[in-house]
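Student: model the structure of this input:
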Amino acid sequence: MGCLGMAGPFPLAMWANKAPHQPLTSAASDNQWSHSLFALVPSWTRKILFKRESDLNHQLLEDVSNMSVSSEFGITLQKCGVVDVEHDPQTAYITLVINNTNTLLSTNITDLILLDNITGLRIQKTSGNTTTDGVQIYRKRFLQGGEHFVINYSALLDAKEMWDGRILTLPAKLTFSSSSQNKTHLVSLTASFTITEEKKTKIMYSHAITASGFFIAFFISLVLTCAVFLIIYRTQIFKWSFCSKNQEIQHELSQNHKLEHSQFNSGDLFSEDIIMNDQIIDILSFEEPGNMLRALEDLEVASLTRADADLEAQRTQICKEVIGMMLKNMVLSHNLFPHVEKKISSIFKKRFLAMEKEIQEEYERKMVALTAECNLETKKKMEAQCQKARAANEEAEELMKKINEKPAVEYRNLLDRLHRLDQDHLKRFLLVKQEEYFAKAYRQLAVTQRKELHTIFFAQITNATLKGELKLEAAKTLVEGYSKIQGDIEELMDFLQASRKYHLNRRFSYREYLISKIQLRHSHVSALINAAATQISSLLNKMERAGHLPESHLGMLLDRAETEINFVKQKFDHDLKQEKQKLRQKLITKRRREMLQKKEHQKEQLSFGDPFKTTNDITHYLRHWKDLLSGHTIEFEELVEKLDNEASEELKELLFSLTEKAIEEFKRVQCGVFVQELVKLNVPKLFLLEAVEEHKKEMAVKHEQLEREEHDKSMAAEELLQFTRQKLNQELETGISEQKKLRSWERSVFMQLLSLPLSLSEEELLRMRQELHCCFSQVDSSLAWPKIRARTLLQTFEMEQRDTEMLKVDQNLAMTSKQQHSKMGKTGSRNRNKLDILKKSLQAKILIYEDLVKDENLNKIKNELQLEKEHHLRDLENKLGEYIASLAFQKTVKKSKMLELYTAIINVQAMLFEQLSTSKTLSKLECIQILEAHNPEIEELDRKLEYEMLHKDSAQQHLISRQRWILDGLGLSSEAVETNAERHVTVLLRQAMNKCRQFINLYQQSLRDEQWNCVVLENLLENIEMDAFLAIYSQELRLAGYLAKLTRVPMGMLHRVLNWLLPSSSQSEVLSVLDSINKYSDGVVDSDSNADESGSCRKRKNQELWQAREKKVRQDLINRSLEKIPSLKNRKDR
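Tutor: All right, here's what the predicted structure looks like:
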């Protein structure tokens, strides 16, 4: 009997391994093209490009008997086959042979049971034996010595099963009884059989096909070229008509201005969110029960990140649409011309598109950089860990060479386990750390986008105002409205974020509940199957203890029982996996269908409820989206919970149905195989029946006990779920309340800033509002960040705790090793004791990994997150304070600079007057006359300044009284009270409460306007003062120039004096002052060179006087500076 293999276009190499542990060889093709790019070409293109040559390879086994499975009773089991690949589908012809031909060892062989694995095959022709899922069962009652039993059948290869891994393993298992000399033996044989794909392709170049392809391609290209030219020609004919039509359409659209449609109405049907929701099916179906919660936590973080992206997109779109609505409302209220509104809207749209493009590019750059950085960090950490593990392994190898005992193997196993734990925890730490890096980068980009939105708005309003396209009052109205609406948007986003967080937490708490139920079911099923399996060996042991079964038969029966039990368990696991795969596809299909239907319905609601068609009121617009989006979230979460529950129930039914089949299979094996075998071995039938009945009762009791335990634990899980949901409701209310307090804190900070003694221009006030919005748009926290940060902190705290505990273990190890080394004398004994100490150390370290206390860490994480939040808010407040302080500092520096210039000019005047008096150029009376002539000009400037200040004060008082008049008109009039006097008190109270909120809002707005106007008015007054001061400074410059003309002061000397008097001014500023003095002196100021060239006595005398004057000024300035130093002043007083 030989085993044949057949090869063709896609041949299958088949062989039968007849030895129990014969190694398998590779079936991969050695053809150089089998793994090349040609293997990726689709089948229809391969048929055109290549001719294939089919080879029929007959592979005959050299020695069949040597490759068969034989037993000591002369029984040989063989499984061979060939595959016909010339037809589609491919057909396998299988032959099973059982030989009992060795007459020297032949005995009576009875109760032959052949289990043939046919997974991946569709049986076509068989001998009619019983077939179950994945296994064919053949039975033969008797096989005499010298006979053989042959089974032939054909089967189609199932492509779905076959090509999952390119290998089919189809073993055949034979069990039989052999009786001789009043002894019965149970024997089991297994023949392995593998089908592996082998691809052999011969490429033969065909000139005929190539030529045909060339001509066909040339003809098709010619036709396409002609068609393109024809289309271009026809397009040119109708070009002008189309252009004119398009211009009419564009004109009509420009006349009927509509805002850009919301992002909520367009594009993607949330496919990414739906696909992410499919992952829960994989977790419930295929994840190990112990890893389900961790996988669920990872899915929760991904869902929170996805929700953050959705909320950020909604925020951006709402802000853009609100700006458009504000401009539209300005047109409707006749505060803005339509053409200006269209121009500004167009600029906004372009800037927003450019911003989104820049943010996307920055996002891609950050992701690439972070990915590279994280990969490098992971590589370094993992290499360091591997080096540490290698060093420990080398040390262990050296120790194991000296000790050749079982404890050395145990030590090595413990060491490997510790290294695996260390590596797993390191991978987990790196994973959450990378998660934190990416979350932080995403948050930074989100904040950048929010800031950029505010910057674009304020920059465009400022530009339009400067260009005269927007009046100052209209700009103020826009900014006021923008600030108010931004507050409303922040409150809306706070609510939407809190609502999304609540529903996601509710979703995942329910999934945790489902996982706990699934874990209970798995433990229930495992206990039932183990109990049913144990009953078989228990029955055999009971028969042996009762003396009805010889000990020699017990071992063989127990081996056979173990084989049957393993077979049933493997079949149960295989069937469960296959059925779960089918159920998964069914559940996901149903899930996606219902979710898409729900999203389609919600999209229709968004389209029908387009607020632009119904209102221009922005408050109504925000309320509309709040109701709609929160309603959609509730509906979608209810659907997700229903689908999750249905999936859990269907998995439960599948698990229990397969468990019942497995238990029934165990019962069949027990009653149909072993009970019959025991009867043959003369075990009393009545005793067997009693034992079987007792086992049935035990199984019933076990089943009831497990159901009772599952019910109790399920009730506890439901109570925990209800408690968690109540807690989530409280957290929702608390979160909204805390966020409202933060928004109230924002407003109070703004009011406090406006109440400061500030003087800001309109432009500076706009920049301050912009900075305010940029800061306060960061008050919220993303949904995913607290969870991701908590995971990182937990891993960090656990690592620190582990390192501390590990250090203690290492210190104890070093101390113990030192003590043992001083006590032990013999080398062998010392090595064994060292190994015992190392084993205990490894066990202690493993326990550290497995028994970490998390409650303390959780409290530390909560406190750390709270501190980080407080620091973040404090940083925002400090940043805003720094900005305001910088504005005030700039103004102070400007005033200080101006005062320094004025003081310097006064000092120059004093020096020049003193020089005039000393040099007898002018008498004291003439100097006084010059000063008196200068005073009327200064007095005139003072009168103008006083008039301007008085005018501004009266305007401010008028504005304040007008605002108070508006507030007074808001209350309930006495007439209204008299009219409603006969009405019920509650009606009046309700009216009062309704007006109360309106009154508070209007009062706060009026207060903000008043403070805004005060700040602006203060700036105007300061500007008036500064203008007057500049005028006085100009007059003083004129006087200094006149005095310089009279004194003919040298230019170099005056330059040096100004440098001393203006220490904080730059050289350009000093030269500017010098030029102004020279300008007012009519250019008659002497230079140093002229002074040097003068040879007259008078000139020499003047030069000496100026030098003396310069020294005196310099000494006066030095003395004045020394007086300002406290230590020197005290020393001088002593």
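
Student: which secondary structure state does I195 sit in?
Tutor: Secondary structure state of I195, per DSSP: H, G, I helix; E, B strand; the rest coil, is strand.

Student: can you tell me how far the closest residue in space to it that isn't next to it in sequence is from C80?
Tutor: Excluding its sequence neighbours, the residue lying closest to I195 (C-beta to C-beta, 6 or more residues apart in numbering) is L168, at 4.2 Å. Any C-beta I mention is one placed from the backbone N, CA and C, and that applies to glycine too. Separation of L168 from C80 (C-beta to C-beta, to the nearest Å): 15 Å.

Student: and for V1016?
Tutor: 100 Å.

Student: the two - which one has more neighbours?
Tutor: Neighbours were counted for V1016 and for C80 using other C-beta atoms under 10 Å; C80 has more, 23 against 19.

Student: can you tell me the SS state at the residue nearest to I195?
Tutor: At L168 the chain is in strand, as set by three-state DSSP.

Student: repeat for S781
Tutor: Three-state assignment for S781 (three-state DSSP): coil.

Student: what's the neighbour count on it?
Tutor: S781 has 18 nearby residues by other C-beta under 10 Å.

Student: now do Q144
Tutor: By other C-beta under 10 Å, the residues close to Q144 number 10.

Student: so it makes contact with N100?
Tutor: Yes: using C-beta atoms under 8 Å, Q144 is in contact with N100, at 6.9 Å.

Student: how about the strands of the protein, start to end?
Tutor: Secondary structure of the chain (DSSP state E): strands at 12-17, 69-70, 76-84, 91-100, 108-117, 121-125, 131-132, 135-143, 147-157, 167-169, 172-180, 183-197.

Student: make TSV out of these and add mean pLDDT and distance to A790.
Tutor: Listed next are the strands of the chain as TSV, based on pLDDT from 0 to 100; distance: least, C-beta to C-beta, whole Å:
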stretch	mean pLDDT	distance to A790
strand 12-17	32	54
strand 69-70	56	58
strand 76-84	84	57
strand 91-100	85	56
strand 108-117	76	49
strand 121-125	76	52
strand 131-132	58	51
strand 135-143	76	50
strand 147-157	83	52
strand 167-169	75	45
strand 172-180	72	53
strand 183-197	70	49
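
Student: and of those, who's closest to D712?
Tutor: Closest to D712 of the strands of the chain is strand 131-132 (C-beta to C-beta; 36.8 Å).

Student: and M799, how close does it get to S923?
Tutor: Distance, M799 to S923, by C-beta to C-beta: 91 Å.

Student: ignore the last one, V908
Tutor: From V908 over to S923 (counting by C-beta to C-beta), the distance is 21 Å.

Student: now do L96
Tutor: Distance of L96 to S923, given as C-beta to C-beta: 142 Å.

Student: looking at the two, which is more packed in?
Tutor: More crowded of L96 and S923, by other C-beta under 10 Å: L96, with 24 against 11.

Student: distance check, that one against Q78.
Tutor: Note on L96: its distance to Q78, by C-beta to C-beta, is 7 Å.

Student: how much space between L865 and S781?
Tutor: Counting by C-beta to C-beta, the gap from L865 to S781 is 9 Å.

Student: cool, and E800?
Tutor: In this view, E800 and S781 are 25 Å apart by C-beta to C-beta.

Student: what's near enough to touch the nearest residue to S714 once chain neighbours are set aside?
Tutor: In this structure, S714 finds its nearest non-sequential neighbour in K517, 6.2 Å apart by C-beta to C-beta, 6+ apart. K517 sits next to S648, K652, S714, A717 when contact means C-beta atoms under 8 Å, 6 or more residues apart in numbering.

Student: would you mind measuring from the second one to E660?
Tutor: Going back to what we said before, that points to K652. With distances taken as C-beta to C-beta, K652 is found 13 Å from E660.

Student: for the last one, same thing?
Tutor: In this structure, A717 and E660 are separated by 24 Å, where distance is defined by C-beta to C-beta.

Student: the two: who's more crowded?
Tutor: A717 (18 against 12).

Student: now the more buried one: closest residue in space, sequence neighbours ignored.
Tutor: Among residues not flanking A717 along the chain, S516 sits closest, at 4.8 Å (C-beta to C-beta, 6+ apart).

Student: number of residues surrounding the one you found?
Tutor: 20.

Student: just the pLDDT at it, thanks.
Tutor: Turning to S516, the model gives it a pLDDT of 93.

Student: please state the offset of stretch 462-482 from the chain centre?
Tutor: Relative to its parent chain, stretch 462-482 has a centroid offset of 40 Å by C-alpha atoms, centre = their mean, to the nearest Å.

Student: switch to numbering from 713
Tutor: Fine by me, first position is 713 from now on; the one you just mentioned is stretch 1174-1194.

Student: list the contacts of it.
Tutor: 1035, 1038-1039, 1042, 1047-1048, 1052, 1055-1056, 1169-1170, 1173, 1330, 1474-1475, 1478, 1481, 1717, 1721.

Student: now, those that are in helices?
Tutor: Counting by DSSP state H, those place 1035, 1038-1039, 1042, 1052, 1055-1056, 1169-1170, 1173, 1330, 1474-1475, 1478, 1481, 1717, 1721 in helices.
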